[in-house]
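Participant: Here is a sequence with its predicted model. Questions after.
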Amino acid sequence: MSILTRPIGKSKSKSDPTSNTDVARVSEAPAAVSARSKAAPPVLSAAPRADLLPPEIGQRHAAQRARRWMRAAIVLVLVLTVAGIGGAWAWSMLAQSSLVSAQAESAQLTSELHKYDAVKQLKGDIEYGTAAQQVGGSTDIDWQKYLQDLQGALPSDVVITALSADTAGIDAPFAQIDGSGAASSVVGTISFTAQTATLPSVPDWVDALEKVPGYVDATPGSIQYDPSEGYKVQVVMHIDKGAYSGRFAVKGDDK
């Protein structure tokens with residue numbers, strides 16, 4: 001700043017008092033500006049506003065806004081309600097359609113099954129006949145085979161000339177014999193006449209009969225001799241369920 005206070009051109013021997021005053025003023029100017037800037041904050045320029053309306057108008061506007069929000073909320077609730085009702089109705093219609101389809105399919109299957117009623121009836125008749133055969137044949141004895149077994153158990157020179165039997169039926173159990181521990185298993189009695197040309201050894205016959213299926217016991221009766229026919233022996237034999245043929249029983253592989 002001192003440069004500004006020097007005169008341009010020829011120097012003077014004496015200083016100008018007015019020039020010193022100007023220099024002092026110039027040096028004081030920045031300090032004054034700085035002090036004023038610190039003393040008062042800057043003021044931003046803005047358009048002046050003033051609310052001259054009465055408070056009732058502001059309250060009215062606020063009430064209108066509240067009513068608008070309330071109407072919007074009511075409309076939203078109505079829209080959601082209608083959407084829910086529509087969705088429930090659509091779901092109900094879908095469920096009803098599925099039910100009708102399932103009922104139609106069930107009716108069709110039932111109609112198809114009715115085509116096989118005759119087959120089912122025939123199958124039932126076969127099963128009924130098989131069951132009746134099993135029950136009726138549960139006491140069956142193959143007498144031809146059984147007679148062969150009796151004849152095979154006796155000595156080769158012995159011939160069975162007569163045979164009778166009394167056995168239990170499916171609805172008539174055999175009358176049990178008293179005085180025998182094995183009597184409870186007896187299902188029948190066989191009486192036969194054996195003929196031989198030589199003197200019979202009846203105890204050996206009884207022992208041989210034990211090989212016959214269903215044998216329980218045997219009791220020899222009277223022995224008769226005829227010169228033209230030889231000796232005739234009456235034998236009474238009791239049998240159990242082992243004598244049954246089992247021809248009509250259901251086999252394990254047939255189940």
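Facilitator: On my side now, so go ahead.
Participant: tally of neighbours for Tyr215?
Facilitator: Residues within reach of Tyr215, counting by other C-beta atoms under 10 Å, total 20. C-betas here are computed from N, CA, C, even on glycine.
Participant: Now do the nearest residue to it once chain neighbours are set aside, the pLDDT please.
Facilitator: In this structure, Tyr215 finds its nearest non-sequential neighbour in Leu209, 5.8 Å apart by C-beta to C-beta, 6 or more residues apart in numbering. Per-residue pLDDT puts Leu209 at 92.
Participant: Check whether Leu209 really touches Val236, as I assumed.
Facilitator: No: checked against C-beta atoms under 8 Å, the pair Leu209 and Val236 is beyond contact range at 11.1 Å.
Participant: Comparing those two, which shows the higher neighbour count?
Facilitator: Leu209 (18 against 13).
Participant: what pLDDT, on average, does the helix ranked longest in the chain get?
Facilitator: Longest helix in the chain by number of residues (criterion: DSSP state H): helix 55-114. Across helix 55-114, the average pLDDT comes to 88.
Participant: residue contacts, the residue nearest to Tyr215?
Facilitator: Applying C-beta atoms under 8 Å, 6 or more residues apart in numbering to Leu209 gives the contacts 150, 153-154, 215, 218, 235, 237.
Participant: hang on, Gly221 packs against Val206?
Facilitator: No: in this structure, Gly221 is not within contact of Val206 by C-beta under 8 Å, at 11.9 Å.
Participant: List the residues that are in contact with both of those two.
Facilitator: Val235.
Participant: Which one's more surrounded, these two?
Facilitator: More crowded of Gly221 and Val206, by other C-beta under 10 Å: Val206, with 16 against 12.
Participant: any idea how far the more buried one is from Thr167?
Facilitator: Going from Val206 to Thr167 by C-beta to C-beta, to the nearest Å gives 21 Å.
Participant: and if you look at Thr81?
Facilitator: Distance, Thr81 to Thr167, by C-beta to C-beta: 88 Å.
Participant: Name the residue in the two with the higher neighbour count.
Facilitator: Comparing Thr81 with Thr167 by other C-beta under 10 Å, the one with more neighbours is Thr167, at 18 against 10.
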